[in-house]
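Undergrad: Below is the structure, and that's it, no one-letter string:
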């Protein structure tokens, strides 16, 4: 039996495979919380009067954050389905 196969069998017997999934979910949820806070702060910034150049940068940042949140939610759904 190869080392890789031995490690996989040991992980399965010890139940470590499921815990890795839970760790990924927890990390992803924390990341999504941070992204949502950043989104709220950026929205507040866009509501205030700022210079044109700063507004453009903030709008681009806002679009990127929204895209990342959507992508993160899709990944979280896939992890929940498995």
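TA: Good, I have the coordinates. It should be emphasised that the depicted structure is a prediction, and the values quoted were computed from it without experimental measurement. Numbers count the residues shown, from 1 in each chain.

Undergrad: okay, CA-based contacts and neighbour counts for the rest of this
TA: Fine.

Undergrad: Does residue 50 belong to a helix, a strand or coil?
TA: Following DSSP: H, G, I helix; E, B strand; the rest coil, residue 50 is assigned to coil.

Undergrad: what's stretch 61-78 in contact with?
TA: 25, 28-29, 32, 35-36, 38-39, 42-43 (CA atoms under 8 Å, 6 or more residues apart in numbering).

Undergrad: helices or strands up against the helix ranked longest in the chain?
TA: Of all the elements of type helix in the chain, the one with the most residues (DSSP state H) is helix 16-47. Judged by 3 or more CA pairs under 8 Å, 6 or more residues apart in numbering; DSSP states H and E, helix 16-47 is in contact with helix 52-81.

Undergrad: Mind checking the pLDDT average for the helix it packs on?
TA: Model confidence over helix 52-81 averages 92 on the pLDDT scale.

Undergrad: For it, buried residues please.
TA: With burial defined by 16 or more other CA atoms under 10 Å, the residues of helix 52-81 counted as buried are 55, 58, 62, 65, 69, 72, 76.

Undergrad: returning to what we had before: taking their axis directions, the longest helix of the chain and helix 52-81 sit at what angle?
TA: Between helix 16-47 and helix 52-81, the angle formed by their directions is 160 degrees, by axes from the mean of the first three to the mean of the last three CA atoms, to 10 degrees.

Undergrad: Just the buried positions in helix 16-47, please.
TA: Counting neighbours by 16+ other CA under 10 Å, the buried set in helix 16-47 is 25, 28, 32, 35, 38-39, 42, 46.

Undergrad: returning to that earlier point: single out whichever of the contacts of stretch 61-78 has the smallest pLDDT.
TA: The model is least sure about residue 25 among the contacts of stretch 61-78, giving it 85.

Undergrad: show me the contacts for that residue.
TA: Applying CA under 8 Å, 6+ apart to residue 25 gives the contacts 76, 79.

Undergrad: State the distance from it to residue 40.
TA: Here residue 25 is placed at a distance of 22 Å from residue 40 (CA to CA, to the nearest Å).

Undergrad: Could you do residue 56 as well?
TA: Residue 56 sits 17 Å away from residue 40, going by CA to CA.
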